[in-house]
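Participant: pasting the sequence and the predicted coordinates here, then a few questions.
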Amino acid sequence: MNQTEMLEKYKAQSIHYFENALSSVQGGDAEKAGEFLWGSLAEAIKAVAASKRAELKTHWEIGDYARRLAKEMKDESILNVYRDASYLHSNYYEAGLTIEEVQTYVDRIRTMVVKLLDLIPKQDWSGG
C-alpha cells in the first residue's frame with residue numbers, strides 16, 4: 001500500500017470509528033463508545049505519522065508518537081487527549097465508566113482528531 005492509500009485508509013478509519021462512537025453513545029454502550037473513541041484518535045495519529053513517512057504498528061508506538069508530536073508542536077493537549085483516549089481504551093476491558101462519563105470525552109477527542117488530520121499537508125492526500 002502506498003503512502004496516499006495509507007493516509008486515506010487511516011483518515012477514513014478515524015472518521016468511521018468516531019461515527020461508531022457516536023452511535024454507541026446513543027445506544028448507551030459505554031465500553032464500545034470508549035473503544036471507538038480510542039480507535040478514532042489512534043488512526044488520526046497514524047495518519048499524521050504516515051504523512052511523515054513513519055508507520056506505527058503498536059499501541060506503544062502510537063503513544064510514543066503522540067508524546068513526540070506534542071513536544072515537537074509544543075502542544076500538550078495532544079498528549080492529554082491521547083491519555084484520555086487510552087483511559088477509555090482500558091475501560092473496554094475493565095468496564096467501569098458510565099455512558100455519561102464517556103460522553104465527557106467526545107468533544108475533546110473530536111477536536112483533536114480534526115486538529116491532527118489538519119496537520120497532514122494537502123498534497124499528501126492527492127499523492128504528492
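Facilitator: Cool, the structure landed.

Participant: just want the most central residue of the chain.
Facilitator: Note on the chain: the residue nearest the mean C-alpha position is residue 41, at 0.6 Å, using C-alpha atoms, centre = their mean.

Participant: so what pLDDT did that residue get?
Facilitator: pLDDT for residue 41: 98.

Participant: for it, pull up the helix or strand it's in.
Facilitator: Using DSSP states H and E, residue 41 maps to helix 30-51.

Participant: which strands and helices sit next to that helix?
Facilitator: Contacts defined by 3 or more C-beta pairs under 8 Å, 6 or more residues apart in numbering; DSSP states H and E place helix 30-51 against helix 3-26, helix 59-73, helix 76-94, helix 99-118. (Glycine included, C-beta is placed from N, CA and C.)

Participant: what separates the first one from the chain centre, distance-wise?
Facilitator: Centre-to-centre, helix 3-26 and its host chain are 9 Å apart (C-alpha atoms, centre = their mean, to the nearest Å).

Participant: so which elements touch it?
Facilitator: helix 30-51, helix 99-118, helix 122-125.

Participant: any chance of these in TSV, with distance to residue 22 too?
Facilitator: Converted to TSV, the helices and strands packed on helix 3-26 look like this (distance: least, C-beta to C-beta, whole Å):
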stretch	distance to residue 22
helix 30-51	8
helix 99-118	7
helix 122-125	24
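
Participant: and residue 58, which of those is closest to it?
Facilitator: Shortest separation from residue 58 across the helices and strands packed on helix 3-26 is recorded for helix 30-51, at 10.5 Å, computed as C-beta to C-beta.

Participant: what angle sits between the closest one and helix 59-73?
Facilitator: Helix 30-51 runs at 60 degrees relative to helix 59-73, counting by axes from the mean of the first three to the mean of the last three C-alpha atoms, to 10 degrees.
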